[in-house]
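*Asks:* Model the following, please.
(2 chains)
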Protein chains: 2
Amino acid sequence: MSKNEENFVKEITNIEENFAKWYTDIVIKADLADYTDTKGCIAIKPYGYAIWENIQKYTDEKFKASGVKNIYLPVLIPESLLNKEKEHVEGFAPEVAWVTIGGQDELEEKLCIRPTSETMFSNLYSKWVKSWRDLPMVYNQWCNVLRWEKETRPFLRSREFLWQEGHTIHATAEEAEERTQKMLNIYAEVLEELLAIPVIKGKKTDKEKFAGAVDTYTVETLMHDGRALQAGTSHYFGQNFTKPFNIVFQNKEGKEEYAYQTSWGISTRLIGATIMAHGDNRGLKLPPRVAPIQAVIVPIAIKKEGVLDKAQELYQKLNKKYRMECDTRENYTPGYKFNDWEMRGVPVRIELGPRDIENGECVLVRRDTSEKIVVKLDELEEKLDTLLENIQKNMFEECKTNMEKRTSTAHNLDEFVEKINSNQGLIKTMWCGSEECEDKIKELTGAHSRCLPFEKEVIDDKCVCCGKPADKFIIWGRQY
Amino acid sequence: MSKNEENFVKEITNIEENFAKWYTDIVIKADLADYTDTKGCIAIKPYGYAIWENIQKYTDEKFKASGVKNIYLPVLIPESLLNKEKEHVEGFAPEVAWVTIGGQDELEEKLCIRPTSETMFSNLYSKWVKSWRDLPMVYNQWCNVLRWEKETRPFLRSREFLWQEGHTIHATAEEAEERTQKMLNIYAEVLEELLAIPVIKGKKTDKEKFAGAVDTYTVETLMHDGRALQAGTSHYFGQNFTKPFNIVFQNKEGKEEYAYQTSWGISTRLIGATIMAHGDNRGLKLPPRVAPIQAVIVPIAIKKEGVLDKAQELYQKLNKKYRMECDTRENYTPGYKFNDWEMRGVPVRIELGPRDIENGECVLVRRDTSEKIVVKLDELEEKLDTLLENIQKNMFEECKTNMEKRTSTAHNLDEFVEKINSNQGLIKTMWCGSEECEDKIKELTGAHSRCLPFEKEVIDDKCVCCGKPADKFIIWGRQY
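*Replies:* Numbers count the residues shown, from 1 in each chain, chains lettered A, B, ... in the order given. Now for the predicted structure:
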């Protein structure tokens, strides 16, 4: 290893020593994003944005197949609209940015940059919905939103971020409830199938639910360091917005009725989740299905006759089927390039040198296991296919193993504290359902309730906190 | 025609009587967009947004094939950044919206919502560009922008709109110039191949160019009423931004040098262009390649046995290849549905009734010519393919004919005034190049210079305005 290469590797903080610093190192070194002069807002660079495009494409196809239609509503929301639903405005008003000057003039009514668009959608639905024949409206927008966070971290908690926000309106509560579940299931697929991150599906407690929702459903994930991350949420609003916004429709019986709403969203936070669920001391590790580059060809002894030509030929062939890169840079050694592409988390490296070409073969190196596999060039396409699928599966399994290892059970507070301190991760307990116990646990352990999982377990019959009879199964964890 | 249907048609203003009113009628009646409580900002509805998605998909593929990479930069730009390039800030500062409050606090420095992102890109390029090896950077973002317009019209001039803005940086002036031309050619393809709107490619005069640009190139189009519309622009900046932003790179000779920049954009304004270039008194008319629904099946006598089944069967089959709709609504007559789908500009209507099914045929009706074609069901797929291509071509040809009919030549001011008043459209003239003449023509005729076309003509040897010797060929028109 040359001095140069050593430096390159040294520049990342060790993942076990300082996970937070390791994370921001990866964001910069893998060229995913950069800081900007707009405080708390990042620039998403090509490599990071390509991950988002892959998430968008996968998700949007599933949305459309489930009947979702995309629309686009204004980024600016008048203060009077934001104020219409009491809980909602209390939740969001403290963290919005306000436009007070437009052109040369002070505005009569200030406008906030959307932190989320329930109020804007509801206001339009009150105009668009007249009869049961108009329902449901299953609309979504891919857009930017802004929340004036005090402490920010690239992708995880940025003042501005990109997301999709679906907002639907229905004639019955049942249909709306069903939609929240359908979208939660799509989010679980995005996480598990595309990003290789296992999830726990469940319902948020009243304390943790969305401002204005009747119920909030969530897909919860666990990061490499044992902290939990809320990866996507789906809210059932009942008539909480349709009443203040007066969204009334004529039902089949000819009677006027308030409609029922939902909303649901995932964001560029998923890029942060992918980094933190899979990365290691060599850098980012991307699941093949979402990786902007699925395999990179690194020619060895690039100046030897025939090497570059053969590498380019392979690239041309494979690029028809896979997202490929061929590293033809002349000012870097192969060793440097290996590190560089590992840092960027490319799932497979294809090494091709003069001797390989002579033998009609090449070497595949897995990013996830470092395994080296010698493959005949004429079998490469087929082998690569299987390998990428194996890597995808293996990454999911590894992540699942980590989650299982880091999940403990607690029957009382002492046990809770001991377990979360010795093995940070998820804690399963029973809970009486009181907010006092929820608050006390948070105060004592730093853990928030994650969710009441759909897959229930019975651990015992008493609340982990107060010891009173309890039949609610709940999961806790320190969070991002 | 039932009373209902008559009303439906009557609700649109006649295109020859009041084109502006006709336009906004179409926007609402074809369900493309709606007004919102945020003044000057529209809601783009599913049908309008689907057009934008088709434009995005087509354009983004061409971008990527030409080496463009997508990124995402903050929507908020600090005042100090916006102020760095003198001409640019003078052009944009009067029409931006300012955020002055973030969360609970008055901001120390106000932030504008991006009206365009030259300053944000330039600031980051000053950090990212070090050596000739880093160049070029050919980046683009799909995003929202905001300009505080006083008079707004849906799609054409909205305070907030969606667009793409490409910003590139290069080691040489030649390479940057080449990029501006490459992108202009892509825009011409989007207009001509996708939207069936013929364009004139050329260079803007100094008066009409972008604030901060050395040269602005444009694709100019003509709408149905003879008004011109600037449909896309591509700017060459030279070192106008790299100097104030100090974007310096080390060239191959090891010397420090300021880099060269470009920017280029198209927006949701293209939806407005499509409406105004093709629409008629029956509503919107969409070119097949961009139409969200390419053909709609309208079953006749829907309650007769077998009709609905056959219609659904056809839909299933055709929907694999085309963007299809099957109108199964029971509460509307076929006549109403015909009008409805014509209003929405669907290129082909497929009528299918009991007798058609008996004869193993159906009737295709072209939206562009109203021609009816009886087609055997087993030849439908193939015939539809040819028909859609023919409609696409015919719409382009019709638009081109309109443009030619509405293009006149003028040798002096009297002739200019007479011709633009008798046949509003484009006026070709010679021009001495002085801004005085440009201003005088605008004042007298209401026409702005459109561009100095790349395809030059020699009309005579004197300026149309001052009569002095002139060798510049220029096109004028009243504009949107």
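*Asks:* Quick one: name the residues of the stretch 301-450 of chain A near chain B.
*Replies:* A:Asn331 (CB under 8 Å from any CB of the partner chain). Backbone N, C-alpha and C define where each C-beta goes, glycine included.
*Asks:* Which residue does the stretch 301-450 of chain A have closest to chain B?
*Replies:* As assessed by CB to the nearest CB, chain B sits closest to A:Asn331 within the stretch 301-450 of chain A, at 7.3 Å.
*Asks:* So what's the residue count around A:Asn246?
*Replies:* A:Asn246: 11 surrounding residues under other CB atoms under 10 Å in any protein chain shown.
*Asks:* ugh, wrong one, I meant A:Trp148
*Replies:* Using other CB under 10 Å, the number of residues around A:Trp148 comes to 23.
*Asks:* In contact with it, which residues?
*Replies:* Applying CB atoms under 8 Å, 6 or more residues apart in numbering or on different chains, one finds that A:Trp148 lies in contact with A:Gly40, A:Glu95, A:Val96, A:Ala97, A:Arg159, B:Gly102, B:Gly103.
*Asks:* could you redo the last one with a cut-off of 7 Å?
*Replies:* Residues near A:Trp148 by CB atoms under 7 Å, 6 or more residues apart in numbering or on different chains: A:Glu95, A:Val96, A:Ala97, A:Arg159, B:Gly102, B:Gly103.
*Asks:* Looking at these, state which has the most neighbours.
*Replies:* Busiest of those [other CB under 10 Å] is A:Val96, holding 26 neighbours.
*Asks:* chain center to stretch A:300-318: distance?
*Replies:* Stretch A:300-318 sits 37 Å away from the centroid of its parent chain (CA atoms, centre = their mean, to the nearest Å).
*Asks:* and what of stretch A:357-369?
*Replies:* With CA atoms, centre = their mean, you get 32 Å for stretch A:357-369.
*Asks:* Next: stretch A:434-452.
*Replies:* 24 Å.
*Asks:* farthest residue from the center of chain A?
*Replies:* Computed with CA atoms, centre = their mean, the residue of chain A farthest from its C-alpha average is A:Glu305, at 45.5 Å.
*Asks:* And what about it, helix, strand or coil?
*Replies:* With DSSP: H, G, I helix; E, B strand; the rest coil as the basis, A:Glu305 sits in coil.
*Asks:* Got the confidence number for it?
*Replies:* The score at A:Glu305 is 92. That number is its pLDDT.
*Asks:* Now do the contacts for it.
*Replies:* A:Glu305 touches nothing, counting by CB under 7 Å, 6+ apart.
*Asks:* try A:Glu361
*Replies:* So A:Glu361 contacts A:Val374, A:Val375, A:Lys376, A:Leu377 (CB under 7 Å, 6+ apart).
*Asks:* hang on, the first one in a strand?
*Replies:* Going back to what we said before, that points to A:Val374. Yes: assessed by three-state DSSP, A:Val374 belongs to a strand.
*Asks:* quick one: contacts for the closest residue to A:Tyr139 other than its chain neighbours?
*Replies:* Nearest-residue entry for A:Tyr139: A:Ile71, 4.9 Å, with adjacent residues in sequence omitted and distances by CB to CB, 6 or more residues apart in numbering or on different chains. Contacts for A:Ile71 (CB under 7 Å, 6+ apart) come out as A:Tyr139, A:Gln141, B:Ala43, B:Ile44, B:Lys45, B:Pro46, B:Tyr49.
*Asks:* follow-up on the earlier one: ok, now how distant is the residue farthest from the centre of chain A from A:Lys383?
*Replies:* To A:Lys383, A:Glu305 is 27 Å away according to CB to CB, to the nearest Å.
*Asks:* Repeat that for A:Val298.
*Replies:* A:Val298 is 17 Å from A:Lys383, by CB to CB.
*Asks:* For ChimeraX, write a command that selects the buried ones of the contacts of A:Glu361.
*Replies:* Listed next is the ChimeraX selection for buried residues among those, using 16 or more other CB atoms under 10 Å in any protein chain shown:
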select /A:375,377
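*Asks:* Just name the shakiest helix or strand of chain A by mean pLDDT.
*Replies:* One helix or strand of chain A scores below all others by mean pLDDT, DSSP states H and E: helix A:3-10, with a mean of 49.
*Asks:* Show me what counts as buried in stretch A:47-59.
*Replies:* So for stretch A:47-59, counting by 16+ other CB under 10 Å, buried means A:Tyr47, A:Gly48, A:Tyr49, A:Ala50, A:Ile51, A:Trp52, A:Glu53, A:Asn54, A:Ile55, A:Gln56, A:Tyr58, A:Thr59.
*Asks:* swap in stretch A:278-287?
*Replies:* A:His278, A:Gly279, A:Asp280, A:Arg282, A:Gly283, A:Leu284, A:Lys285, A:Leu286, A:Pro287.
*Asks:* Narrow these to those in helices?
*Replies:* A:His278 (DSSP state H).
*Asks:* now the buried residues of stretch A:278-287 in TSV, with distance to A:Ala211 and pLDDT?
*Replies:* Listed next are these as TSV, based on distance: CB to CB, whole Å; pLDDT from 0 to 100:
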residue	distance to A:Ala211	pLDDT
A:His278	32	98
A:Gly279	32	97
A:Asp280	37	97
A:Arg282	41	96
A:Gly283	37	97
A:Leu284	34	98
A:Lys285	35	98
A:Leu286	34	98
A:Pro287	33	98
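*Asks:* Okay then, goodbye and thanks.
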